[in-house]
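Participant: Sequence first, then the predicted structure, then my questions.
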Amino acid sequence: MDNKKKSKLQIPPWGWLIISFLVAMLLWFFLSVNEKTARSFPFLPAIIQALGTVISRGILAEDFISSMISVLAGFALGFVTAVPVAFLMAWYLPVRNILEPWIQFIRNIPPLAYVPLVVIAVGVGRKPQIIVIWLATFLIMTVTIYQGVRNVDETLLKAARVLGAKDKDLFIKVVFPATTPFILTAVRLGVSVALTTLIAAESTGASAGMGMRIRSFSNSFEVAPMLLYIILIGIIGITSEKIIKTLERKLTGWQEKREI
């Protein structure tokens, strides 16, 4: 009887989503009316008005497209370079000993710190934006995938070797399938890092882009459109997260997950 009552009182996922949204709206409203924070957090009507303004100026679509080109190009380049480097580091000790210290060293440097060096090396425009995003995503995805390869069950590898499997067979039939959850986690982290690096990447003399526009609005003290762009980047990020999670469920349905 008690179990039936408990099951009836359980809140479905969409219910928690609504509760979370309402709590966020209440907090936002409080910040918008608080004397100390009202200027930094204009409430929803001001954001809607700012949306109409940037659309009428014709800059929203241009900024979105420009940023997505840089993000997708930098992320794609980071992924296709991170996968082989991570596998080589995990598999071959000399490669690991040479590369790992430098990956850990550069990973702890904020992107804003090396943006000027990239600009000096390749100039301004699209290229430095892609390079900065590539470097940030490459580092985080390499470390994540590397840890996944290192965590592959040694028993599986030994069993495959006993059966006569060569390195190529081990990679394709054992290591890669076992590492798929880590690769998808790396993709999620890479997308997140690409978006969080956007402002730094677009400080390289960009003429359009969401990160560039946030800095521009900040310089002119246009708080509402600046907050609008910040919210839009968050929406892009959470949408990407949902898409990758859906893909993860389809590709790793065999993996047991702890339910709470």
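Facilitator: Good, I have the coordinates. Numbering: from 1, shown residues only.
Participant: pLDDT below threshold where in the stretch 101-250 of the chain?
Facilitator: Filtered on pLDDT under 70, the stretch 101-250 of the chain yields the residue ranges 156-158, 160, 163-167, 169.
Participant: change it to 80
Facilitator: Applying pLDDT under 80 to the stretch 101-250 of the chain flags residues 124, 151-178, 203-207, 248-250.
Participant: mind checking the SS state of residue 175?
Facilitator: helix (DSSP: H, G, I helix; E, B strand; the rest coil).
Participant: which residues touch the nearest residue to it once chain neighbours are set aside?
Facilitator: Setting aside the residues directly before and after it, residue 175 is nearest to residue 152 in space (C-beta to C-beta, 6 or more residues apart in numbering), at 5.5 Å. (Glycine included, C-beta is placed from N, CA and C.) Going by C-beta atoms under 8 Å, 6 or more residues apart in numbering, residue 152 touches 174, 175, 178, 179.
Participant: does residue 152 sit in a helix, a strand or a coil?
Facilitator: Three-state call for residue 152 (three-state DSSP): coil.
Participant: returning to what we had before: widest-spaced pair of the contacts of residue 152?
Facilitator: Greatest spatial distance among the contacts of residue 152 (C-beta to C-beta): 174 and 179, at 9.4 Å.
Participant: Would you map the helices across the stretch 51-200 of the chain?
Facilitator: Under the criterion DSSP state H, counting those that start in this stretch, the stretch 51-200 of the chain contains helices at 60-91, 93-107, 111-122, 126-150, 154-162, 167-169, 176-196, 198-201.
Participant: Residue 33: neighbouring residues, count only.
Facilitator: Look at residue 33: counted by other C-beta atoms under 10 Å, it has 10 neighbours.
Participant: cool, and residue 151?
Facilitator: Residue 151 has 13 neighbours, counted by other C-beta under 10 Å.
Participant: what's the answer for the one 10 residues further on, then?
Facilitator: Residue 161 sits with 14 neighbouring residues when counted by other C-beta under 10 Å.
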